[in-house]
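Student: Coordinates for the following, if possible.
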Amino acid sequence: MALMPKRVKHRKSQRGRIKGNATRGNTVVFGDFGLQSLEPGWIRAQTIEAGRIAAQQYVRGEGTLYIRLFPHRSITSTPLETRMGKGKGEPEAWVAVVKPGTILYELGGVTEQQAKVCFARLASKMPVKVRFVSRRAM
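Tutor: Take a look at the predicted model:
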């Protein structure tokens, strides 16, 4: 089932612009390896769920998958072939706003080779360019 917030202050939000790089959520914290975005964009809840399923099928209980993003923003759209001037459309989907540098997923308890293969599967599903990163030695 796709992710969405339980409650929101406002049902409809303006589109806005995604400026700058991620200053929070840009380091691998929970697992050993991560998938980091390289460009700004929106990632739909259905896409996040598709990535989760693909990773869980590959990991099969060996490691742990951490999802580091959540879709807080609603996207509205008007029905097709509707004339102009009837207001803003109804909420259609929920998206997570992603800045360059944001860690999307993390894996722990697997080897680096397994993590690379798993994240290669996830990368093909993502609407933004991503790269493989590992935890920095402290």
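
Student: Within its sheet, name the partner strands of the top strand by length along the chain and how each one runs.
Tutor: If you go by DSSP state E, the chain has its longest strand at strand 90-98. With DSSP bridges as the test, strand 90-98 is paired with strand 41-44 (antiparallel), strand 73-77 (antiparallel).

Student: Let me know the next secondary structure element after that strand.
Tutor: Along the chain past strand 90-98, the next helix or strand (assigned with DSSP states H and E) turns out to be strand 103-108.

Student: that older thread, which among the strands paired with strand 90-98 is found nearest to residue 63?
Tutor: Each of those has some distance to residue 63 by Cβ to Cβ; the shortest is strand 41-44, at 22.0 Å. Bear in mind the C-beta positions are built from the backbone N, C-alpha and C, glycine included.

Student: what about stretch 94-110, start to end distance?
Tutor: Its first and final residues considered, stretch 94-110 spans 31 Å by Cα to Cα, to the nearest Å.

Student: that older thread, figure out which of the strands paired with strand 90-98 is closest to residue 117.
Tutor: Of the strands paired with strand 90-98, nearest to residue 117 by Cβ to Cβ is strand 41-44, at 21.3 Å.

Student: What is the helix or strand that that closest one is followed by packed up against?
Tutor: In the C-terminal direction, the helix or strand that comes right after strand 41-44 (DSSP H and E) is helix 45-59. For helix 45-59, the packing partners by 3 or more Cβ pairs under 8 Å, 6 or more residues apart in numbering; DSSP states H and E come out as strand 64-67, strand 90-98, strand 103-108, helix 112-123.

Student: What are the contacting residues of the helix or strand following the longest one?
Tutor: Spelled out, it's helix 112-123. Heading C-terminal from helix 112-123, the first helix or strand you meet, by DSSP H and E, is strand 130-134. When contacts are defined by Cβ atoms under 8 Å, 6 or more residues apart in numbering, strand 130-134 is touched by residues 28, 32-38, 103-104, 112, 115-116, 119, 122-123.
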